[in-house]
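Engineer: Quick one, fold the following:
(one chain, ligands or ions: 1)
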Amino acid sequence: MSSEELKQPALTVKNISKRFGGIQALQNVSFNINKGEVVALLGDNGAGKSTLVRCVSGIHPPDGGEILVNDQQVTVASPQDARELGIETVHQDLAVIPDFDIAANLFLNREILHKNPLLRLLGWLDNKAMREQAQISLQRLNSKVPDLTEAISRLSGGQRQAVAIARAVNSGADVVIMDEPTAALGVEQSAQVNELINLISSQGVAVLLISHNMQHVMETCDRAVVLLRGESIANVKISDVTPRDLVGFITGAQRLTA
Ligand SMILES: Nc1ncnc2c1ncn2[C@@H]1O[C@H](COP(=O)(O)OP(=O)(O)OP(=O)(O)O)[C@@H](O)[C@H]1O
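Structural biologist: Numbers count the residues shown, from 1 in each chain. Coordinates of the predicted model:
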């Protein structure tokens, strides 16, 4: 991807607002993520991060504002809409099915049907094709997972995370949103997930990362957007700030209007 293409916004949110009863969860939040950019979405508990992710991934309709994908205004009325628009979300619970094998999880909701027309009609799946493609997409992510027929329940946290990220990338997503991808992981597994994030961004995928871990943000992200009580109060390049600055924004001690 050329450096010009990398400057194009993959995802833009403009003046997104969302209220739940008496709580203004989001108030006119605006920012964009360029192709190949990794942007951290930061904020204290209750700041509005998950609500924003849910608006962008089609779970909550925003009360107002616009969402643009590749500079085109879109309506994201359901998670299916988000997927079709190239927005994939890796939620904290990962939504993997523990008893299914790796390949089956990679193709969840987009299974490849059997080549034989009669068997297709009966809903038979082409397991061989799914395993072959699963192998290719995990290799593309340099993921060290064991046998693809291994049940997800037998994988480590980092390997499950890799499968969930591979699934998102496998779908050809332009934007991948990750909710606390390393929260439950050890040091080595977190490093693996960081490598995956670097790799997919180098392939032009825009990444929005929710994290409470400032070291992870400093190592992995290009920019940070900070929410405070539903408002965006900072939009900064990581190379311009220290972890202390970020904590200052999160707690509201420092403010820098986006
Ligand atoms: N479905 C809902 N119904 C009512 N209030 C909600 C709902 N979802 C979120 N809220 C409220 O909106 C505000 C923002 O919540 P949100 O979950 O987006 O914050 P967050 O930044 O993701 O926090 P955390 O880091 O704790 O996950 C909070 O006050 C929360 O209680």
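Engineer: Could you see whether the ligand lies near stretch 36-49?
Structural biologist: Yes: Stretch 36-49 lies within reach of the ligand by C-beta under 6 Å from any ligand atom, at 43, 45-49. Yep, even glycine has a C-beta here, placed from its N, CA and C like the rest.
Engineer: Between its first and last residues, how far does that stretch reach?
Structural biologist: End-to-end distance of stretch 36-49 (C-alpha to C-alpha, to the nearest Å): 21 Å.
Engineer: Just the buried positions in it, please.
Structural biologist: 36-44, 47-49 (16 or more other C-beta atoms under 10 Å).
Engineer: Determine which two of those are furthest apart.
Structural biologist: Within the buried residues of stretch 36-49, 36 and 44 form the most distant pair, 28.6 Å apart (C-beta to C-beta).
Engineer: now the buried residues of stretch 36-49 as JSON lines including pLDDT?
Structural biologist: Conversion of the buried residues of stretch 36-49 to JSON lines gives the following (pLDDT from 0 to 100):
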{"residue": "36", "pLDDT": "94"}
{"residue": "37", "pLDDT": "96"}
{"residue": "38", "pLDDT": "97"}
{"residue": "39", "pLDDT": "97"}
{"residue": "40", "pLDDT": "97"}
{"residue": "41", "pLDDT": "97"}
{"residue": "42", "pLDDT": "96"}
{"residue": "43", "pLDDT": "95"}
{"residue": "44", "pLDDT": "94"}
{"residue": "47", "pLDDT": "95"}
{"residue": "48", "pLDDT": "95"}
{"residue": "49", "pLDDT": "94"}
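Engineer: Those residues in helices, which ones?
Structural biologist: Judged by DSSP state H, the buried residues of stretch 36-49 include residue 49 as members of helices.
Engineer: Which other helices and strands does the helix or strand hosting residue 188 contact?
Structural biologist: Residue 188 belongs to helix 187-202 when assigned by DSSP states H and E. Judged by 3 or more C-beta pairs under 8 Å, 6 or more residues apart in numbering; DSSP states H and E, the packing partners of helix 187-202 are strand 38-42, helix 157-170, strand 206-210, helix 214-220.
Engineer: Quick one: closest of those to residue 227.
Structural biologist: strand 38-42 (7.1 Å).
Engineer: ok, back up a step: residue 255 is nearest to which of the helices and strands packed on helix 187-202?
Structural biologist: strand 38-42 (13.5 Å).
Engineer: Direction included, what does the closest one pair up with?
Structural biologist: Note on strand 38-42: by DSSP bridges, its sheet partners are strand 206-210 (parallel), strand 223-228 (parallel).
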